[in-house]
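Peer 1: sharing a sequence plus its predicted fold:
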Amino acid sequence: MARRRPPARRPRSRRPARRDDATWIAYALVALLVLSAAAAALRWLAANWWVLVVCALAAGAVVTAALRTRALAAREHRLRAAQLRLALSGPGGIDHMKPDAFEYAVRDLLERDGCRARKVGRANDQSVDVIAEDPMGRRWAVQCKHKQDPLGGKPVGVGVLYALAGTYQRSHHAHIAVVVTNGRFSRDAHRWGADQGVLLVDRTTLARWAAGDQPLWNVLPHIPAPRNGHHH
């Protein structure tokens with residue numbers, strides 16, 4: 001039997017070089033146009049240097065105005081914070097706040113005390129709602145527990161203190177752990193907090209702090225010593 005010859009392979013078609021050459025020529029023309037435009041712009045600016053001066057002065061004026069506005073806003077915020085006084089009951093009082101508003105109120109009170117404070121409470125907040133740094137260099141981790149029925153409702157239990165004690169140093173690098181409530185704490189919470197150094201702000205302490213003019217560290221006993229060489 002005669003063997004079949006394998007079909008002859010078709011020669012591969014080579015891509016014409018003209019297309020590649022045209023692409024490079026187009027790129028070169030575009031680059032030349034860009035360089036020409038840049039050179040023309042530089043020559044124009046050199047002949048009209050005053051335009052750069054005007055633009056620099058305008059930019060400086062805008063930056064100065066923005067910084068002045070920010071400084072005035074910060075000053076106004078400090079003045080409002082210094083005058084902040086909150087009652088527990090009555091219209092607009094702490095007892096009538098939502099939990100989120102209560103966290104903001106605690107932040108504002110800490111700012112009134114001279115702290116740099118921010119609200120961090122959200123999902124997966126590692127048991128901390130407010131972080132603050134006081135003028136003495138101490139970092140505070142605050143857990144806020146708002147009670148709709150502060151007098152007759154369930155007290156804040158020791159489990160809240162367990163959670164805060166486990167995260168405030170490791171996750172937030174804080175020096176002081178505080179739980180603030182408009183209600184009350186259980187006996188176990190009082191005992192465990194005293195043993196472990198977790199500070200408790202109950203309804204009575206909160207009323208003194210929120211309605212008075214003393215910072216929280218003057219209202220609470222047994223506050224850790226100032227850091228970074230600061231003193232009371």
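Peer 2: Right, received. Where do you want to start?
Peer 1: how about the strands in this structure?
Peer 2: 116-119, 130-133, 139-145, 176-181, 198-201 (DSSP state E).
Peer 1: turn those strands into JSON lines, columns for mean neighbour count.
Peer 2: Backbone N, C-alpha and C define where each C-beta goes, glycine included. Formatted as JSON lines, these follow (neighbours: other Cβ atoms under 10 Å):
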{"stretch": "strand 116-119", "mean neighbour count": "16"}
{"stretch": "strand 130-133", "mean neighbour count": "22"}
{"stretch": "strand 139-145", "mean neighbour count": "24"}
{"stretch": "strand 176-181", "mean neighbour count": "24"}
{"stretch": "strand 198-201", "mean neighbour count": "22"}
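Peer 1: residue 161 against residue 194, yeah?
Peer 2: No. With contacts counted by Cβ atoms under 8 Å, residue 161 stays clear of residue 194, the gap being 10.4 Å.
Peer 1: which one's more surrounded, the two?
Peer 2: A count of neighbours by other Cβ atoms under 10 Å puts residue 161 above the other of residue 161 and residue 194, at 25 against 12.
Peer 1: now do the same for the more buried one: its pLDDT.
Peer 2: pLDDT recorded at residue 161 is 96.
Peer 1: can you tell me the closest non-neighbouring residue to it?
Peer 2: residue 198 (4.9 Å; Cβ to Cβ, 6 or more residues apart in numbering).
Peer 1: surely that neighbour meets residue 185?
Peer 2: No. If you go by Cβ under 8 Å, residue 198 and residue 185 don't touch, sitting 10.3 Å apart.
Peer 1: one step back: to residue 62, which of the strands of the chain lies closest?
Peer 2: strand 116-119 (27.5 Å; Cβ to Cβ).
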